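>>> coordinates only, no sequence provided:
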C-alpha cells in the first residue's frame, strides 16, 4: 500500500470510530423528520386531468396532447394583449418550512414562481427553450404562512408556451378549504346588450364563475365581470361562485337585472347594402351621378367631407368640380337626386374623413365647430345622417388613457361629445354609422393605446371608446375588413384578409364582445346584429383584401346560419346581421356590379 492510500484508510477508520463514539454518547443529530414526510403537494401537476386544480387568466390555458414532457398531456397557454397567460394553483403548506418548486417548460420567456410565501416570493425563467427545459427554485415559508400560490406564465405579445410535470416538494399543510359563496352581488352600467356585475371577494378564492339563468357564462380572476351578448329590454338572473384548488363554492344569492331598450336607436328592419359614392373627387373608377346610383344600394355615403385643417373641426363638402369630373351634374340636380333616393326609401349620409381627411378635435372650440359645420352640410343637402370614417392619425390615445369605458384623451372625448350633440339635435331618425379600420377596433383585443408600459402604437383600439359611448345611438358599424394586417381573433389565432375566415373571425368579435387588451374586467360589449355590417372592397382595384363572391357567400352562411364556417367556430349565429358595406359604388359599377349582384342573389332567409 502506498502512502496516499494508507492515509486515506487511516482517516476513514478514525471517522468511523469517531461517529460510533458520538452515536453512543447521543451527540449525533437525527435526520429531520420533515424531510421523510416531504411529498409533491401539487394537484394535477402533469395536467393529466385537464386543468383540474389550475386557474388560467382570461381563458388562456388549454390541455394538449402534444408537445408533452411526461404522461399524455401538458399545459399550453397563450399570452394575449396585457394578459401573460398565467396559470396558478393555491397549495396548503406549513409555516417555517422549505420547499422546492420545479417544472418542465418549452417556449420563449416562460416563468415559474411562487407568491404569498410570507418571506421572499421567488421566480425563475428561461428566455428561450426550444426543447423541454426544467426550471427549479426554492423558498422558505414565513412563520404564519399556511398556503402559497404557485404559477407559470409567459410574456406579453409572445407565442404560446408549454409546461408539464410541475411539482412542489415539501411538507404538506392543512387541506385548502372551498371558499364561501360570494356576497354583495350588484349590477351597473346596463346597455341594450350587456350588464356589468361586481361582488365582494371571498377569502381563499383564486377565481370566480358567473352564471346567467343557471348557465355558466364567464370565468374571471377578479371580483367583477361584464356579461355581453344579451337581448334588449330583457331581465336576467345572475349568480356567482368562488373557486380555488379545492373546488367551487355554493352559488351566491340570485340577482335580477335588466338590459335597456337601446335608447333612441330602435333596431332597423331588413338587410342593407351600404356603398360609398365618390361625390367630391374622381379616380380610376370614374364619376357616378347620384341619379345613376343603382337601386341595390340602401345606404349611400357621400365621400367625403374634409376639414379645412386637421385640428380646425371645420368640415366642408364640395361636389366634384367639372374640371375633374366632366360628367358631374349641377348642384340642383344633385340635390334633387338625393331627394328622389330618399323618396325611394334610401338613406344618404355625409361621410367625414377618409384616407386624406385627418380630423383631430383637440379643443372644445374644434368640437363645436365640427358640430356646426357638419350640421350645415346635413341641412344644405337634406341628408339623413353622418358616417365617421376617421383613418390614419385622426384618433390616437394619450399615454395613461387605458380604460375605453372612461376615456380622457381630448380628441376622443370631444368626438364623443360632438356625435352625441348631433344625435340629440336631429333625433331618433338620425342615422349614425362608423367605418373604422381593424387596427382601431379588433386589434384592441390584444393591445390598447400605448399600453400599461408604453411603447405600443397609441392608435391601437382608439375607436373602441367612441363606439362604446355611442352604442345606443349607433345605427351601423361597418369595420373595413381590408387594407389590414393579420389580426388575432377570439380563438387566439391570427387571421389574414382575403377569405371568409377573416371576415367571420372579425365579425364574431363584434357580435360576441371581447376583453380589451386581454383584461376580462374590461369587456367591450357585443353589438346588436342589426348594428353590424361587413366592410369589403368591391373589386381588386378598390383595395387590398378583395374577397371572391364565393368566399363572401361562405361568410354570410357562417354568420347567419352557422354553416360553411371552415376552421373558425363562431360563438353564435346571427340571422339579423345587417348586411354588407363596400368601397365603393363607383368601383362596383366599374367591375360590372359583381359585388351588388352577389349580395342581391344571397338567400338571407
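The structure has been received and is ready for your questions. This is a predicted model, so every value here is computed, not measured.
>>> give the contact list for the residue sitting nearest the centre point of the chain.
With distances taken as C-alpha atoms, centre = their mean, the chain has residue 445 as the residue nearest its mean C-alpha position (2.5 Å). When contacts are counted by C-beta atoms under 8 Å, 6 or more residues apart in numbering, residue 445 touches 80, 81, 488, 489, 490, 509, 514, 515, 516, 517, 518. Every C-beta, even on glycine, is put in place using the N, C-alpha and C of the backbone.
>>> wait, the third one touches residue 496, no?
No: counting by C-beta atoms under 8 Å, no contact exists between residue 488 and residue 496, whose distance comes to 11.1 Å.
>>> between the two, which is the more surrounded one?
In terms of neighbours (other C-beta atoms under 10 Å), residue 488 is the more surrounded of residue 488 and residue 496; the figures are 19 against 13.
>>> inside strands: which ones of the contacts of residue 445?
Assigned to strands by DSSP state E, the following of the contacts of residue 445 qualify: 488, 514, 515, 516.
>>> and which of these is nearest to residue 408?
residue 516 (15.3 Å; C-beta to C-beta).
>>> how many neighbouring residues does the residue lying closest to that closest one once chain neighbours are set aside have?
Counting by C-beta to C-beta, 6 or more residues apart in numbering, residue 522 is the residue found nearest to residue 516 once chain neighbours are left out, at 4.8 Å. By other C-beta under 10 Å, 20 other residues sit near residue 522.
>>> dump the residue contacts of residue 522.
Going by C-beta under 8 Å, 6+ apart, residue 522 touches 226, 403, 404, 405, 515, 516.
>>> which among those residues count as buried?
Neighbour-count burial (16 or more other C-beta atoms under 10 Å) applied to the contacts of residue 522 gives 226, 404, 405, 515, 516.
>>> pull the most distant pair out of those.
So, those by C-beta to C-beta: farthest apart are 405 and 515, at 12.4 Å.
>>> can you tell me the SS state at residue 375?
Going by DSSP: H, G, I helix; E, B strand; the rest coil, the secondary structure assigned to residue 375 is helix.
>>> residue 425 is in contact with that one, correct?
Yes: using C-beta under 8 Å, residue 375 makes contact with residue 425 at a distance of 6.8 Å.
>>> look at those two and report which has more neighbours.
Taking other C-beta under 10 Å, residue 375 and residue 425 do not tie; residue 375 has more neighbours (16 against 11).
>>> so what pLDDT did that one get?
You'll see residue 375 listed with a pLDDT of 96.
>>> how much space between it and residue 310?
Residue 375 sits 20 Å away from residue 310, going by C-beta to C-beta, to the nearest Å.
>>> name the helix or strand of the chain that has the lowest mean pLDDT.
When each helix and strand of the chain is scored by mean pLDDT, DSSP states H and E, helix 3-25 comes last, with a mean of 39.
>>> is it correct that residue 304 is in contact with residue 358?
No: between residue 304 and residue 358 there is no contact under C-beta under 8 Å: 11.4 Å.
>>> give me the more crowded residue out of the two.
Counted by other C-beta under 10 Å, residue 304 and residue 358 do not tie: residue 304 has more neighbours, with 23 against 18.
>>> circling back: out of the ones in strands among the contacts of residue 445, which is nearest to residue 572?
Relative to residue 572, the closest of those is residue 514; by C-beta to C-beta it sits at 13.7 Å.
>>> make TSV from the ones in strands among the contacts of residue 445 and add distance to residue 456 and pLDDT to it.
Converted to TSV, the ones in strands among the contacts of residue 445 look like this (distance: C-beta to C-beta, whole Å; pLDDT from 0 to 100):
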residue	distance to residue 456	pLDDT
488	14	95
514	17	93
515	16	93
516	13	94
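>>> which of those residues lies closest to residue 69?
Set against residue 69, the nearest of the ones in strands among the contacts of residue 445 by C-beta to C-beta is residue 488 (27.3 Å).
>>> how near is the closest one to residue 194?
Per C-beta to C-beta, residue 488 is found 22 Å from residue 194.
>>> cool, residue 242 as well?
According to C-beta to C-beta, residue 242 stands 23 Å off from residue 194.
>>> which elements pack onto the helix or strand harbouring residue 477?
Take DSSP states H and E as the rule and residue 477 turns out to sit in strand 476-480. Counting contacts by 3 or more C-beta pairs under 8 Å, 6 or more residues apart in numbering; DSSP states H and E, strand 476-480 is packed against strand 272-278, strand 431-434, helix 500-512, strand 532-537, strand 579-583.
>>> hmm, who's touching the third one?
Put plainly, it is helix 500-512. For helix 500-512, contacts defined as C-beta under 8 Å, 6+ apart pick out 228-229, 438, 441-442, 445, 477, 479, 481, 484, 487, 489-491, 495-496, 526-527, 529, 532, 534, 536, 545, 547, 551-552, 554-555, 558-559, 564-568, 570-572, 574, 577.
>>> repeat that for the shortest one.
Residues lying outside strand 431-434 but in contact with it, judged by C-beta under 8 Å, 6+ apart, are 265, 274, 299, 301, 347, 349, 384-389, 419, 422-423, 463, 466-467, 470, 473-478.
>>> what does the helix or strand harbouring residue 130 contact?
Residue 130 belongs to strand 122-140 when assigned by DSSP H and E. Residues outside strand 122-140 that contact it (C-beta under 8 Å, 6+ apart) are 67, 69, 96-114, 117, 119-121, 148, 164.
>>> model confidence over it, on average?
Per-residue scores along strand 122-140 average to 95.
>>> buried sites along that strand?
122, 123, 124, 125, 126, 129, 132, 135, 137, 139, 140.
>>> list the helices and strands the very next helix or strand once past that strand packs on?
Of the helices and strands lying after strand 122-140 in sequence (DSSP H and E), the nearest is strand 147-153. In terms of contacts (3+ C-beta pairs under 8 Å, 6+ apart), strand 147-153 is packed against strand 74-77, strand 87-92, strand 98-115, strand 161-170.
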